[in-house]
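In: quick one, structure for this:
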Amino acid sequence: MPTTPHAWVAPLAGRATDAASAEALAHGIGARLDAIPQGRAGPLGATQAALELGGFPVPAPHVGPQVPLAVALQMLYDAEGVAVPRERIASAVAGVPAELRAPLADLVATVARAHAEASRILPADDIKLLAGDLTLTTRLASLGTTSGDARVAALWDARAAALSRVDRAALAQASVDVAAAVARFDAPARAASATTCDKILSLPLVEVGDACDDTYDALDLVTVDLGGNDVYLNGAGSGVAGAGVGVALDLGEGNDTYRSASFAQGFGLAGVGLLYDEGGSDVYSAMAFAQGSSTAGAGILYDAGAGNDQYLTDLVENSTLTKAATLGGVGVLVDEGGDDVYQQGGLDGFDYGAAGGVALLVDEAGDDQYLSPDLHVFLDTGTGIAQDFGMMTGPVQVSSEVGGTSILDDRAGDDLYQCGDHVRQGCQASAGLGSFALLLDRAGNDQYRMGVEVERSEIAGIGRLSMGQGGSYGQATPPAPATAILDDRAGDDVYHAEMWAQGYGSGSLGALVDEGGHDAYETVAPLVGSRVDGASWADGAGGAGADLS
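Out: Take a look at the predicted model:
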């Protein structure tokens, strides 16, 4: 744990020094991620992998003694300080089928015990400071270290000091315990009732739905649904307002809809949030702080099965920290298959790690789209007609800052990575200030497109800060290198960038390695070195590229 603000260094930063060692490091990380199992054991495997790659402890799960369901529920209410009459608990438990009671009791008791562990992650005053404006806290990770404004730097230093006090051992233990409980959950399959779709269990903070088309809109800490096409309008895998511990399990092959403003769909604020969806073609929609993300906590979203899923973020200015993103903690999103769409509006998200945190996004199969559109701003340049010049996006799509780690592993399919017209700081493997970023695409004919509207940016008065596709910048304090790697293993690929990209370094290693296929490299601004099939190049202070076709 750092002893001074923003002194984090990602454990993988500096491990590679050129294109060859970058390729070897990417392959080693890929081999580690191959060990993640599928199904209900997947969240535990993915959490353990993220902890290891981010330099957190990787503890064995704590498994407490088995207790009856009524006792487990009372443990949860005691942990949360919620008063529920024992008679009401007993009456509700009586309606739960016998075969569900033991697995449900284990899950509820684990959440109660993990709440005590999570309470040690961060002091209450630090949580209050960070949560007072989570969007500001996130933006300051970029602005406080690069703007040169003393007032902005002071705001960041206070929050960086709070993030430096995260108890990483407590965070790791709580997240592993919760993920292990999901792996143990063994509920028998149930058919939808022909007569009723009443909830099997409906109590404060805890709901269990049958194999029906259910709607959840209460602030639950434990939600279990046994099937159907369901709608979640609640936290769905987060604590209350993101804090504490929350778990949602949606079982069966239903096509589900998750819709929330924020603090949902696997989000943790100095706590743990986990959402597991077993199958179907699902839609996840949120504005901020959702979809496997965290601030000083752990957020995990695991979508099993081969459905075509959509992970959407509203196109508003303060959308941030969604889709495997974290400040100072762990953010995990895994999708097992299907042709998926990941869309992130705004800044600071979409596989983004900062302040010593680790973000991991794994997509195992399918033709996927990773989309980071600009926000839009209209300017009158003297014509009397407001023109749409866009607004820069980033850092998104595998970006890391201030000692963070971000990793994206796409294992198959013809994929599209599209990152705005105007890119601020970076995307598609961009790292700075002692951090590490890896975009690993293992197969398919892929397109990487980022920051291509230079002329419109200059007219609008937007500085050109496009960096990515294996681009790194700066050093941390104390001095330590950043490392950014884009490794595409196969296929006929297209790389289109504005500038400072495709294996570019500014005081640190930025590497692009393309291991096969007939590829095209397109840039708006001239780059140093010829980027063609079979070539090697060096660009900037530490940039390296190799096309091994």
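In: all the helices of the stretch 351-500 of the chain, residue numbers only.
Out: For the stretch 351-500 of the chain, the helices defined by DSSP state H, counting those that start in this stretch cover 454-459.
In: give me the low-pLDDT residue ranges for it?
Out: Along the stretch 351-500 of the chain, the parts satisfying pLDDT under 70 run over 375-393, 422-425, 452-465, 475-479.
In: the residue nearest to residue 60 when sequence neighbours are not counted: which element?
Out: Spatially, and ignoring its direct neighbours in sequence, residue 60 is nearest to residue 176 (7.6 Å; C-beta to C-beta, 6 or more residues apart in numbering). For the C-beta atoms, the positions are set from N, CA and C on the backbone; glycine is no exception. Take DSSP states H and E as the rule and residue 176 turns out to sit in helix 168-184.
In: run the chain-centre distance for that helix.
Out: Between the centre of helix 168-184 and the centre of its chain there are 17 Å (C-alpha atoms, centre = their mean, to the nearest Å).
In: 59 is where my numbering starts, stick with that
Out: Sure thing, new numbering starts at 59, so read that last one as helix 226-242.
In: can you identify the element that follows that helix toward the C-terminus?
Out: If you walk from helix 226-242 toward the C-terminus, the next helix or strand you reach (DSSP H and E) is strand 259-261.
In: got the buried residues for that following strand?
Out: Buried residues in strand 259-261, counted by 16 or more other C-beta atoms under 10 Å: 259, 261.
In: equivalent analysis for stretch 140-155, please.
Out: Within stretch 140-155, the residues that qualify as buried by neighbour count (16+ other C-beta under 10 Å) are 142, 147, 150-151, 154.
In: measure it end to end?
Out: Between the opening and closing residues of stretch 140-155 there is a gap of 25 Å (C-alpha to C-alpha, to the nearest Å).
In: pop out the phi and psi values for residue 113.
Out: phi 80, psi 20 (degrees, to the nearest 10).
In: what's around it, how many residues?
Out: With neighbours defined by other C-beta atoms under 10 Å, the count for residue 113 comes to 17.
In: just checking, it touches residue 71?
Out: No. Between residue 113 and residue 71 there is no contact, the gap being 10.2 Å when judged by C-beta atoms under 8 Å.
In: need the three-state assignment for residue 166.
Out: helix (DSSP: H, G, I helix; E, B strand; the rest coil).
In: so how far is residue 304 from the spatially closest residue to it that is not a sequence neighbour?
Out: Excluding its sequence neighbours, the residue lying closest to residue 166 (C-beta to C-beta, 6+ apart) is residue 130, at 4.1 Å. If you measure residue 130 against residue 304 using C-beta to C-beta, to the nearest Å, the figure is 15 Å.
In: ok, the two, which is more surrounded?
Out: The neighbour count for residue 130 versus residue 304, taken as other C-beta under 10 Å, is higher for residue 304 (33 against 28).
In: coming back round to it: dump the buried residues of stretch 140-155 to CSV, plus secondary structure.
Out: Formatted as CSV, the entries for these read as follows, by three-state DSSP:
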residue, secondary structure
142, coil
147, helix
150, helix
151, helix
154, coil
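In: nearest to residue 346, of those residues?
Out: The nearest member of the buried residues of stretch 140-155 to residue 346, counting by C-beta to C-beta, is residue 142 at 31.4 Å.
In: what number of residues lie near the residue nearest to that closest one when sequence neighbours are not counted?
Out: Excluding its sequence neighbours, the residue lying closest to residue 142 (C-beta to C-beta, 6+ apart) is residue 135, at 5.2 Å. Other residues near residue 135 number 20, with proximity taken as other C-beta under 10 Å.
In: how about the secondary structure of residue 135?
Out: Going by three-state DSSP, the secondary structure assigned to residue 135 is helix.
In: which residues sit against the helix or strand containing the residue nearest to residue 166?
Out: Assigned by DSSP H and E, residue 130 belongs to helix 127-138. For helix 127-138, contacts defined as C-beta atoms under 8 Å, 6 or more residues apart in numbering pick out 125, 141-142, 144, 147-148, 151, 154, 159-160, 162-164, 166-167, 169-171, 173-174, 261-264, 279-280, 302.
In: tell me the buried residues in it?
Out: Of all the residues in helix 127-138, those buried under the rule 16+ other C-beta under 10 Å are 127-135, 137-138.
In: closest one to residue 492 out of those residues, please.
Out: The closest of those to residue 492 turns out to be residue 137 (C-beta to C-beta; 36.9 Å).
In: so what pLDDT did that closest one get?
Out: On the pLDDT scale, residue 137 is placed at 94.
In: kindly report the same for the one 4 residues further on.
Out: What the model reports as pLDDT for residue 141 is 96.
In: wait, is it part of a strand?
Out: No. Assigned with three-state DSSP, residue 141 falls outside any strand and is coil.
In: does residue 394 really touch residue 363, like I thought?
Out: Yes. Counting by C-beta under 8 Å, residue 394 does reach residue 363; the two are 5.9 Å apart.
In: tell me which of those two has more neighbours.
Out: Each of residue 394 and residue 363 has its neighbours counted (other C-beta under 10 Å); residue 394 has more, 23 against 19.
In: how close does the more buried one sit to residue 592?
Out: Where residue 592 is concerned, residue 394 sits at a distance of 35 Å (C-beta to C-beta).
In: can you check residue 386 too?
Out: Spatial separation of residue 386 from residue 592 under the definition C-beta to C-beta is 42 Å.
In: check residue 478 too.
Out: According to C-beta to C-beta, residue 478 and residue 592 sit 31 Å apart.
In: looking at the two, which is more packed in?
Out: Regarding residue 478 and residue 592, a neighbour count based on other C-beta under 10 Å identifies residue 478 as having more, with 27 against 10.
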